[in-house]
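Trainee: below: sequence and its predicted model.
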Amino acid sequence: MADASSSGRFGARFQGFLYGFLYATVRRTFLFVTIRAWLKNLPLFLALFMLLWRWPMAWPIVMVVLALILRLLYWKAKRDNYMRFVTESDQQPGDDAPAVVDNHKVALRATGVFSVKDWEEFMLGRPADYWRVPMGDHAVMVQYSPGRFLYQFIRLGAIEAIEAGSLFHGRQPQKALAVTFLTSWGPESDDVDFMFYAPSDEDNRSAIRRKMFLAFEDESIRASVWRNLLRDGSQTT
């Protein structure tokens, strides 16, 4: 997390652009090898080539240092989930923002851990749908691939904190909400009632704390979802 000062946002914008580039190299391949592997190892191959051909020692040293820097960048990017979230000073939605109608799906982009019964995956900026059921539970359905979806469910009263801010990943920051909550949904959880899009009440496993980021293109939609989450949260920041 970071504040929303001018210097903080400039640094976050650069970091988001860098993380977006690094994440793209993780997912793309060249000659059946990820571009990340090429970038991390090519300087070492060049250093070996320079040593064999008796280049001045300074050049192999530069290549080795470059390889170390790239490894450090990838390590930090992965630790930060290839994104940065900067909180805003105003932590309340507009007074005129209407809550989202129950069972009405809202399109957004979601970041966090999403699951089905036997599998869970960290998803970054994936297309998703959010909705609230009349009993007060919240659901997010994320598109893993065409026709395949992962889920996250938040039960009534399980929200611990909601923060408004900007999510930096790639070229353009997005208005977002960071939601901290407790959940037992995931692999080995009890069955889920998909008719009502809510977890089974019989799931008594110990809840774990997670954070999910919801990004929006429209500020009014963010405010409406924000108000939905606020009325069900146990506390906010």
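Mentor: Structure received.
Trainee: other residues contacting the host helix or strand of Leu18?
Mentor: Assigned by DSSP states H and E, Leu18 belongs to helix 6-27. For helix 6-27, contacts defined as C-beta atoms under 8 Å, 6 or more residues apart in numbering pick out 2, 34-36, 39, 73-74, 77, 80, 82-84, 86, 124, 166-171, 173. Yep, even glycine has a C-beta here, placed from its N, CA and C like the rest.
Trainee: run the last query once more with 10 Å
Mentor: For helix 6-27, the surrounding residues in contact (C-beta atoms under 10 Å, 6 or more residues apart in numbering) are 2-5, 34-40, 70, 73-74, 76-78, 80-87, 124-125, 165-174.
Trainee: what about burial for those, which qualify?
Mentor: Buried by 16 or more other C-beta atoms under 10 Å: 2, 35-36, 39-40, 70, 73-74, 77, 81-87, 124-125, 165-170, 173-174, out of the contacts of helix 6-27.
Trainee: among those residues, name the ones in helices.
Mentor: The helices, defined by DSSP state H, take in Ile35, Arg36, Leu39, Lys40, Leu70, Leu73, Tyr74, Ala77 from the buried ones among the contacts of helix 6-27.
Trainee: surely Asn81 and Phe168 touch.
Mentor: No. If you go by C-beta atoms under 10 Å, Asn81 and Phe168 don't touch, sitting 11.6 Å apart.
Trainee: remind me, longest strand of the chain?
Mentor: Determined from DSSP state E, the single longest strand within the chain is strand 119-132.
Trainee: partner strands of that one, parallel or antiparallel?
Mentor: Note on strand 119-132: by DSSP bridges, its sheet partners are strand 106-116 (antiparallel), strand 138-145 (antiparallel).
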